[in-house]
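# Dropping a prediction and its sequence here:
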Amino acid sequence: MTPEAWILLVGVLVLLLVAWTAWTLVRLNRLEARVDQAWTTLDTQLQRRAGLAEELARSYPAAVGEDRAEYLAAFAADARAPVDGDRELAENLLGRELRDLPEGLPGIPAALRTDLDGTRTRVGLARRFYNDAVRDTAALRHRRLSRLLRLHGSRPLPRYFDIDDRLDGARGGRTPPVRAVADRPYDVGVPPARS
Amino acid sequence: MRIGLVCPYQWDVPGGVQYHVRDLAGTLRGMGHHVEVLTPAEHEESLPEHATFAGRTVPMPYNGSMASWQFGPVSAARVRRWLREGHFDVVHVHEPAPPSVSLLVCMIATGPIVATFHAATTRSKLLAAWGPVVRPWLERITGRIAVSDFARRVQVEHLGGDAVIIPNGVHVDVFAHGPSLPGVTRGVDGPTIGFLGRFDEPRKGLPVLLDAMRTVVRRHPDARLLIAGRGDAAAIDELIGSDLRAHVRLLGELSEADKAAFLRSVDIYCAPNLLGESFGVVLIEALAAGAPIVASDLDAFARVLEDGAAGVLVRRGDPAALADALCGLLADPARLAELSAGGARAAAVYDWDVLARQILAVYETVLPPGGGEVTLGEDDAGVSFGGPPAGSRRELASGGGQEGPYSDIP
């Protein structure tokens, strides 16, 4: 090949690489925004759930049982600000406590019951969508070329948020629970440290 | 809420996705939302109010059946105009992976996009190769829904994502209440068994049912088989044969209202299908109409029938087992009544009112806090129609095989 042909070839390759890089940067930016927004939604729903649990414990201790109300309040407070920084563990404990409430929640106003139900569904949805966004980001960042060029800059890789929300079980149990959740083992009877 | 639904298949051609979009749109409108539909169609004038014509499609094989191809600058311009004029809070595309208006919307729109995946065939080389190509645009989807476990599996294995499962729906009320077919009343006019579907398609299993009927009429001489649906009547007449002819009636293709009446009339609804139905909406319709069901043990059918609690499951393609199940049920009025009464309960979770609420919860979850509407993307200019960008082509060459950390299905 003549030198001109070589230059042309290299030029084309460089152009392709630049185009690919620009396109991937656009994708990464878009994914970052998607992860951020999905996290905001998930965080809002989790806070909302903790708020409802607190209300339940504060206003209806007789309906849920005094003992349970105490646990519920403690778990909710821990979920809002985890003592050991492990949000997933704290949310799991709260979620489990809420699931174990008496069937149909007798003695609790219908509006609060509906809120609790709706929040449970939305926590599940928001978590699924957040993890989906994280997975898409991870898939793109783990490509060889994007790793090589360090296209993500200094941004840390977003983390999956794994809690047991029983989304599919909560929907009437017609579909088997999706085994998507790597549920961490936790001790059943131990309340958060501060209580 | 202002909702834009996108149907990738021609509106005036019968199909599960089209019905799904139509019923979802109707239900959401009934709840007070503003719903617009963008869809291709064979005849533009067939479109109802609030549906926008997106052009015609070219058929092509996709994922085991025929899908339709629609792509290019003209369609893209229609998508842009629809998005610009719609001012949607959320757009909801259906089956966005093949090249269609749904994929175009994913490429062009910026904002909350929800997608529902319907297809359920897992082994498709085409899909495995195609998944990585469209990935850059599918990753703009903020909330993914699959209509079944099987559809979710496609999503996980080939398109590298997860999805929440919200099944196909049925208007339970439409099937539960109404008249019966004249001269065929359940429990009164002698036992009738119903079959619905393209009866000349072998995978629908009518030959198996006809075989089984020979045994049934020996034990129940007044039993009749009603066959509804399209097909070649002459060809099926040969299969029926002289011994069964007096016991079989062909009803031809039924309107929606007649289909509901048919399901309310029969003593047993039989679905002897031999091969993959991805969902089995007709079984839910039969449940809603209170028809006791005998169905083959396909995964999708077993799911709807709660593994045999809501209906009788028999080994597929086994006429003797089918005959036994039919005769057993006909001889057991108590069980028939129990199945008939339980049908409405089993169908209730598939009622559109219930499902539309779940889908609305998905919309609310993907809405940005403080709102905002779906716009044309800022990097829209970068969408070219000469082919996928360089990066995607490389992905295709590397064979894809993206496995999410959630690839928990063996």
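Received it, and whenever you're ready, just let me know what you need.

# drop to CA atoms for contacts and neighbour counts, all remaining ones
Fine.

# What are the boundaries of the helices in chain A?
Under the criterion DSSP state H, chain A carries helices at the ranges A:3-59, A:61-64, A:66-80, A:87-99, A:110-141, A:144-148.

# Show residues contacting stretch B:183-194.
Contact partners of stretch B:183-194, identified using Cα atoms under 8 Å, 6 or more residues apart in numbering or on different chains, comprise B:222-228, B:262-270, B:330.

# Selection in PyMOL covering whichever of the residues you listed are buried, please.
Buried residues among the contacts of stretch B:183-194 (16 or more other Cα atoms under 10 Å in any protein chain shown), as a PyMOL selection:
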select buried, chain B and resi 223+224+225+226+227+228+262+263+264+265+266+267+268+269+270+330
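
# Next step: the contacts of stretch B:183-194 restricted to helices.
Under the assignment DSSP H, these contribute B:262-265, B:330 to helices.

# Would you mind listing the buried residues in stretch A:72-92?
Buried residues in stretch A:72-92 (16+ other Cα under 10 Å): A:72-80, A:82, A:87-92.

# quick revisit: now, which of the ones in helices among the contacts of stretch B:183-194 sits nearest chain A?
residue B:263 (23.2 Å; Cα to the nearest Cα).

# wait, isn't that closest one in contact with residue B:282?
No: Residue B:263 is not in contact with residue B:282 according to Cα atoms under 8 Å; the separation is 9.5 Å.

# Give me the contacts around the least confident helix or strand in chain A by mean pLDDT.
Here the helix or strand of chain A ranked lowest by mean pLDDT, DSSP states H and E is helix A:61-64, holding a mean of 79. Contact with helix A:61-64 is made by A:56-57, A:68-69, A:101-102, A:105-108, as judged by Cα under 8 Å, 6+ apart.

# Quick one: low-confidence residue ranges for chain A.
When residues are selected by pLDDT under 70, those of chain A lie in A:166-195.

# State the pair within the buried residues of stretch A:72-92 that is farthest apart.
Using Cα to Cα, these span at most 17.1 Å, a distance reached by A:73 and A:88.

# picking up where we left off before, now the helices of chain A in CSV, with distance to residue B:195?
Compiled in CSV, those are given as follows (distance: least, Cα to Cα, whole Å):
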stretch, distance to residue B:195
helix A:3-59, 47
helix A:61-64, 51
helix A:66-80, 54
helix A:87-99, 43
helix A:110-141, 38
helix A:144-148, 55
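
# out of those helices, which comes closest to residue B:339?
Of the helices of chain A, nearest to residue B:339 by Cα to Cα is helix A:110-141, at 30.2 Å.

# helices and strands around that closest one, which ones?
Helix A:110-141 is packed against helix A:3-59, helix B:352-366, with contacts defined by 3 or more Cα pairs under 8 Å, 6 or more residues apart in numbering or on different chains; DSSP states H and E.

# now these as JSON lines including distance to residue B:35?
JSON lines is the format used below for the helices and strands packed on helix A:110-141 (distance: least, Cα to Cα, whole Å):
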{"stretch": "helix A:3-59", "distance to residue B:35": "24"}
{"stretch": "helix B:352-366", "distance to residue B:35": "12"}
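
# any idea which of the ones you listed is most buried?
helix B:352-366 (a mean of 20; mean count of other Cα atoms under 10 Å in any protein chain shown).

# Could you see whether chain A lies near that one?
Yes: judged by Cα under 8 Å from any Cα of the partner chain, helix B:352-366 and chain A are in contact via B:361-362, B:365-366.

# C-terminal to that helix, what's the next element?
strand B:375-376 (DSSP states H and E).

# Run the contact check for that next one versus chain A.
No: Strand B:375-376 is not in contact with chain A by Cα under 8 Å from any Cα; minimum separation 14.1 Å.

# Centre of the chain to the helix or strand that residue B:303 is a member of, how far?
Using DSSP H and E, residue B:303 sits in helix B:299-304. Here the centre of helix B:299-304 is set off from its chain's centre by 13 Å, with Cα atoms, centre = their mean, to the nearest Å.

# what residue lies at the spatial centre of chain B?
Closest to where the C-alpha atoms of chain B average out (Cα atoms, centre = their mean) is residue B:16, at 3.7 Å.

# what's the distance between the closest residue to residue A:137 other than its chain neighbours and residue A:22?
What sits nearest to residue A:137 in space, not counting adjacent residues and going by Cα to Cα, 6 or more residues apart in numbering or on different chains, is residue A:31, at 6.0 Å. Applying Cα to Cα, to the nearest Å, the value for residue A:31 to residue A:22 is 14 Å.

# Point out the residues in the stretch 101-250 of chain B that sit beside chain A.
Close to chain A, as judged by Cα under 8 Å from any Cα, the stretch 101-250 of chain B has residues B:136, B:139-140, B:142-144, B:149, B:160-165.

# can we see that at 10 Å?
Counting by Cα under 10 Å from any Cα of the partner chain, the stretch 101-250 of chain B comes close to chain A at B:110-112, B:135-144, B:148-149, B:160-167.

# ok, back up a step: closest one of the contacts of helix A:61-64 to chain B?
residue A:105 (21.2 Å).

# tell me the residue furthest from the middle of chain A?
In chain A, counting by Cα atoms, centre = their mean, residue A:2 sits farthest out from the average C-alpha position, at 56.9 Å.

# circling back: does the residue nearest to residue A:137 touch residue A:157 like I think?
No: the pair residue A:31 / residue A:157 is not scored as a contact, 11.5 Å apart, by Cα atoms under 10 Å.

# what is in contact with the two at once?
Both residue A:31 and residue A:157 are in contact with A:134, A:137-138, where contact means Cα atoms under 10 Å, 6 or more residues apart in numbering or on different chains.

# Would you enumerate the residues in contact with residue 56?
I'll assume chain A. Taking Cα under 10 Å, 6+ apart, one finds A:50, A:62-64, A:69, A:72-73, A:98, A:108, A:112-113, A:116 in contact with residue A:56.

# sorry, should have said chain B
B:9-11, B:39-44, B:68-70, B:75.
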